[in-house]
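# Take a look and give me a structure for this.
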Amino acid sequence: MADLKQDTSRAPSHAGERFFMRFTRAQRYMHAVLFSTFLGLAATGLPMRFSESFWARRFASGIGGFGTIIFFHKFFALVLTVAFLIHVKEVFTRGLIHREKGIFWGNTSMVANWKDVKDLFGHMRWFLGLGPKPQFERYAYWEKFDYWAVFWGMIVIGFSGYAMWFAPFFAHFLPGWALNAVLVIHSEEGLLAILFIFSIHFVNTHLRPDSFPMDMVIFTGVESEEEFKTKRPEEYQRVAAEGKLESRLAVKPPVWLLNFSKVVGFTAIFIGLLLLVLTLSAYFGS
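Residues are numbered from 1 along each chain as shown. The predicted structure is shown next:
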C-alpha cells in the first residue's frame, strides 16, 4: 500500500537534470510478475471463454489443444497467487508488526481518503473547463482504484477459479448450485477485469497526454524532476518541505534500460489491445 523501503544505494545523476526514485526494484519486479501473469491468464482464459470462436480454435490447435491451455492457465494462476500472498504479507508485516506510518492511512497509503473524492470531482470539473486541475499526492485516485481492483479480482476471480479447480474438496462445503455459480462468476469477472485493464488502465497509465505513448517509471523506477513536479506537485512540495528530496535522488536510467523497457511495455500493450479486439469481436459476434 505504501512504498517498500527505498534503495538508498543509488547515487544522484550528475548530468544536470535530476531524477528521483518512485518505485523500488522489488516493486518493479512485482509489477512485472503481475502484468506477465495477467497477460498469460487473459491469453489462456479468453480462448476457453470463447471456445467457439475461430481464433480460439486456431490458438488451441497451435499450442496442443485446450488441455494445454488449461495447464498454462493454472500455472499463471499459481504464480500470481504466490506473488499476491507475498505482497499481502509484506504490507501487513510492515503495517502491523513494524508499525510503519503511512501503510494503511495517510499521504503515502493506497487506501482512499476524502482527498481522493475531492480530486475525482475536481478532475471532472477540470475536464469540463469548470475549474483548475487537481494537485495530486503520492497516488492519484485512479491508481488507488487500480490497486484495489487487483484485490477484488484475487478474491472473487481467484476463489471461484480454485473452487472449480478443486471442486471435489469445495463440494464438502458448498451446495451444487454454488459450484455452478462460480463458473459464471469466474468467467464474467475475468472478462470484466480484462476489459478494464486493456482499456481503462492502459489509457490512464500510458495513453494520457502527460505520459503518451508510455509511462516509463514503472519499468525504470525513476522519473525526472520535471515529471515529479508536474504529475504529483503536492508530493513534491511535501517531500521538499520535509527536507527529504535528497534522499530520493537516483541515477538517470541508462539507454539500454529505456530501450528494453519500451520493448517490454509496447509488447504488453500490443498483446493487451489485440486480446481486447478479439474479446469484443467474439463477444458481440456471438
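# Which stretches in this protein count as strands?
Taking DSSP state E, the strands of the chain run over residues 19-21, 222-224, 249-250.
# So D146 is in contact with N204, correct?
Yes. Using Cβ atoms under 8 Å as the test, D146 is close enough to N204 to be in contact (7.5 Å). Where C-beta positions appear, they are placed from N, C-alpha and C, glycine not excepted.
# Okay, E100 and V255: tell me how far apart.
35 Å (Cβ to Cβ, to the nearest Å).
# Could you do G285 as well?
Taken as Cβ to Cβ, the span from G285 to V255 is 44 Å.
# before we move on, what about E90?
Applying Cβ to Cβ, the value for E90 to V255 is 32 Å.
# Tell me which of these two has more neighbours.
Neighbour count, other Cβ atoms under 10 Å: between E90 and V255, E90 has more, with 15 against 8.
# Check the more buried one and give its pLDDT.
On pLDDT, E90 comes in at 93.
# How about M216, nearest residue that isn't a chain neighbour?
Leaving out its chain neighbours, the residue that sits closest to M216 by Cβ to Cβ, 6 or more residues apart in numbering is S261, at 5.6 Å.
# Report the contact partners of that neighbour.
By Cβ atoms under 8 Å, 6 or more residues apart in numbering, S261 lies in contact with M216, F219, T220, P253.
# Correct me if wrong: the second one contacts V263.
No. F219 is beyond contact range of V263, at 10.0 Å (criterion: Cβ under 8 Å).
# The two: which has the busier surroundings?
Neighbours per residue (other Cβ under 10 Å) separate F219 from V263, with F219 holding more: 20 against 10.
# who's in contact with the more buried one?
By Cβ under 8 Å, 6+ apart, F219 lies in contact with R28, L257, F260, S261, V264, G265.
# all helices of the chain, in order?
For the chain, the helices defined by DSSP state H occupy 25-49, 54-63, 66-92, 114-127, 141-165, 167-170, 176-195, 202, 217-220, 225-231, 233-241, 255-285.
# Counting by contacts, list what the fourth one packs against.
Under the contact criterion of 3 or more Cβ pairs under 8 Å, 6 or more residues apart in numbering; DSSP states H and E, helix 114-127 touches helix 141-165.
# which residues touch the helix it packs on?
Contacts of helix 141-165 (Cβ under 8 Å, 6+ apart): 1, 34, 74, 77, 80-81, 84, 110-112, 116-117, 119-120, 123, 139, 170, 174, 179, 182-183, 185-186, 189-190, 193, 196, 201, 204-205.
# Run the chain-centre distance for the least confident helix or strand in the chain by mean pLDDT.
When each helix and strand of the chain is scored by mean pLDDT, DSSP states H and E, helix 202 comes last, with a mean of 85. Put simply, helix 202 sits 10 Å off its chain's centre (Cα atoms, centre = their mean, to the nearest Å).
# Show me what that helix is packed against.
For helix 202, the packing partners by 3+ Cβ pairs under 8 Å, 6+ apart are helix 255-285.
# could you give the mean pLDDT of the helix it packs on?
Helix 255-285 carries an average pLDDT of 91.
# what comes up buried for it?
S261, G265, A268, I269, I271, G272, L275, L276, L278, T279, A282 (16 or more other Cβ atoms under 10 Å).
# before we move on, the earlier item: how much space between the residue nearest to M216 and A32?
Distance, S261 to A32, by Cβ to Cβ: 10 Å.
# right, and the helices of the chain - which one's nearest R248?
Nearest of those to R248, taken as Cβ to Cβ: helix 233-241 at 6.5 Å.
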